[in-house]
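>>> Predicted model and sequence below, questions to follow.
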Amino acid sequence: NGYIITYAGYPGETAEIACGKEITDWQPYKDGIYKAKIDTPPSPVCILNENGEFGIKARYPNLGEKNPYYYEMRIDHPEQDSAYKFYYKDSDNIPYMNDISSLQCTFFAAGYTSQLINCSINYREKSITLANKAGAYSPVAEDRYFLQGSLELLDSPGEFYYDKNDRTVYYMPRNKDINNSVITYGTGMHILNFAGTEEKPVKNMMFKDIIFGACNMTETFDENYRQGVVHADHADNITFENNEVRGGGGTGFYILNPSNFKIVGNYIHDVAANGIAIMADELYGVQKKYVNNVISNNYIYNVGVVRRSSSAIAMGNVDNSSITYNRIDKSPRAGITLGNSVAINHNFGKIINGVTITEDNSYDYMNGSGNYVAFNDISNCLEDTQDGGPVYLWGTGKGNVVENNHIHDSQSLYGASYALYGDDSSGYTTW
């Protein structure tokens, strides 16, 4: 009826909504590790937080000190004609593990997309076998990788392991006095989930001065990055202002098919995938339906903690929207990504509204147009990937403008990187 419903903390106070439970009754296990039984969660415990800081699944090698995500285990060679098996090097010195029932492998395909897959290991032949194929990718020689998910790898502060058969969490706390820490595990994927339709979008709401945090994720990446602590599909005229989003097992804000959606003045940090993702279904440029979205004046810090091909802000297929005055620090890939799921040649030969799509007119039928990216401070991007940039465009429509951004202290350790990167199908952009 045109009125705005506001949900907010009491004046002078901040409300907190968490999708998780606190773990208590810790008992010493050994070597600085504690253990505790928990209630049966709806899915395995994949996200743990200590005082709001992400826990790390027990892994090898451990996170480094200079660059926390820099490590140098590289695949020796893959099994011939196999997308599932590779051999590792003697120098990797992988420790022996008796229990590998929950073992997982993360490897970096093409240097820019990380894949997390259940696996097994054969010490005799120095091989690792993946439980399933990594989408379109197969392991190749010199791809970086690490292993996680065995209690015998738990040897560093902040690491945890969950025994799902015994419902026991093992954890080495960062704070040596574990009783002075609040340690929680995620129990669900979303805190807020708006489910509208094209005909009846969810609309006319404001959320302010609220902390949202501590969501879970599934055991492998799957669709985690398409799940948000705040999650919406078909939303109109909704504002999030001056909130904190943290500890999510997927993306902080995952907003699909929105118009007039405003994310302003929020602190978003320590999430498993993207900080903010505003996306829309492909409309091939015939309609500019999802428009006038605003991402402004947010502080986005330490995103992509699990999914290392994530960006601080991702915007795709929406039109006439803006990303301005944000501070972005610590992203494994891009600070800001604009792009669609297809390149211009995806439409060649299609007939849309009676028009045959060709190379000459294809940009006219691409969404992701007329967006404005300006006055953002972007630093410490490309921490764990290459072939990208702090501002990255791929598969965009016409009339996007990128100007007056402060880009600094970002350089890939693994290959090509550019401050402003217009990749495939990003023409008609003003830089």
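Nice, I can see it. This structure is a prediction, so every number in the text was calculated from the model and none was measured.
>>> Please, where are all the strands along the stretch 101-250 of the chain?
Using DSSP state E, counting those that start in this stretch, the strands of the stretch 101-250 of the chain run over 104-109, 113-122, 127-130, 145-148, 159-163, 168-171, 183-186, 192-195, 202-208, 210-213, 228-241, 244-246.
>>> So which residues make contact with the first one?
Counting contacts by Cβ atoms under 8 Å, 6 or more residues apart in numbering, the residues outside strand 104-109 that touch it are 57, 75, 114-119, 128, 130, 134, 137-140, 143-149, 219-220, 308, 384-385, 414. C-beta coordinates here come from the backbone N, C-alpha and C atoms, glycine included.
>>> Repeat that for the fifth one.
For strand 159-163, contacts defined as Cβ under 8 Å, 6+ apart pick out 44-46, 48, 55-59, 62, 102, 149-151, 153-154, 168-172.
>>> Buried only: go through the contacts of strand 104-109 for me.
57, 75, 114-119, 128, 130, 134, 138-139, 143-149, 219-220, 308, 384-385, 414 (16 or more other Cβ atoms under 10 Å).
>>> what residue ranges in the stretch 251-400 of the chain score low on pLDDT?
283-287, 341-343 (pLDDT under 70).
>>> Sketch out the helices for it, chain order is fine.
Ranges of helices within the stretch 251-400 of the chain: none, based on DSSP state H, counting those that start in this stretch.
>>> now stretch 391-399, how far from the chain's geometric center?
20 Å (Cα atoms, centre = their mean, to the nearest Å).
>>> end to end, how far does it reach?
For stretch 391-399, the first-to-last residue distance is 16 Å (Cα to Cα, to the nearest Å).
>>> buried stuff in it?
For stretch 391-399, by 16+ other Cβ under 10 Å, it's 391, 392, 393, 394, 395, 396, 397, 399.
>>> Name every strand pairing with the host helix or strand of residue 16 and say which way it goes.
Applying DSSP states H and E as the criterion places residue 16 in strand 15-18. Here strand 15-18 is paired, per DSSP bridges, with strand 210-213 (parallel).
>>> Name the surrounding residues that touch the partner strand.
7-9, 14-20, 49, 52, 191-192, 229-230, 243-248.
>>> Whichever of these end up buried, select them in PyMOL.
Typed into PyMOL, the line below selects the buried ones among those, using 16+ other Cβ under 10 Å:
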select buried, resi 8+9+18+19+20+49+191+192+229+230+243+244+245+246+247+248
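>>> who touches the one residue sitting closest to the centre of the chain in this structure?
Nearest to the geometric centre of the chain sits residue 273, at 1.0 Å (Cα atoms, centre = their mean). Residue 273 makes contact with 224, 225, 248, 250, 251, 303, 304, 306, 307, 310, according to Cβ under 8 Å, 6+ apart.
>>> do that again at 10 Å, thanks
Shown in contact with residue 273 (Cβ atoms under 10 Å, 6 or more residues apart in numbering): 217, 221, 224-228, 248-252, 254, 303-311, 314.
>>> same deal with residue 382?
112, 331-335, 388-390, 392, 410-418, 421.
>>> How about it, nearest residue that isn't a chain neighbour?
Once flanking residues are discounted, residue 382 sits nearest to residue 412: 4.1 Å by Cβ to Cβ, 6 or more residues apart in numbering.
>>> farthest pair in the buried residues of stretch 391-399?
392 and 399 (17.8 Å; Cβ to Cβ).
>>> I figured residue 298 hits residue 263, correct?
Yes - with contact defined as Cβ atoms under 10 Å, residue 298 counts as touching residue 263 (6.4 Å).
>>> Return every residue with contacts to both of those two.
Common neighbours of residue 298 and residue 263 (Cβ under 10 Å, 6+ apart) are 240, 243, 245, 252, 253, 275, 276, 313, 323, 326.
>>> Count the residues that sit near the fourth one.
Burial of residue 252 is recorded as 34 neighbouring residues (other Cβ atoms under 10 Å).
>>> list the contacts for it?
212-213, 215, 228-230, 243-246, 263, 266-277, 298, 300, 303, 312-313.
>>> Can you say which of the residues you listed are buried?
Judged by 16+ other Cβ under 10 Å, buried ones among those: 212-213, 215, 228-230, 243-246, 263, 266-277, 298, 300, 303, 312-313.
>>> any idea how far the residue nearest to residue 137 when sequence neighbours are not counted lies from residue 306?
Ranked by Cβ to Cβ, 6+ apart and with sequence neighbours excluded, the top spatial neighbour of residue 137 is residue 109, at 3.5 Å. Going from residue 109 to residue 306 by Cβ to Cβ, to the nearest Å gives 16 Å.
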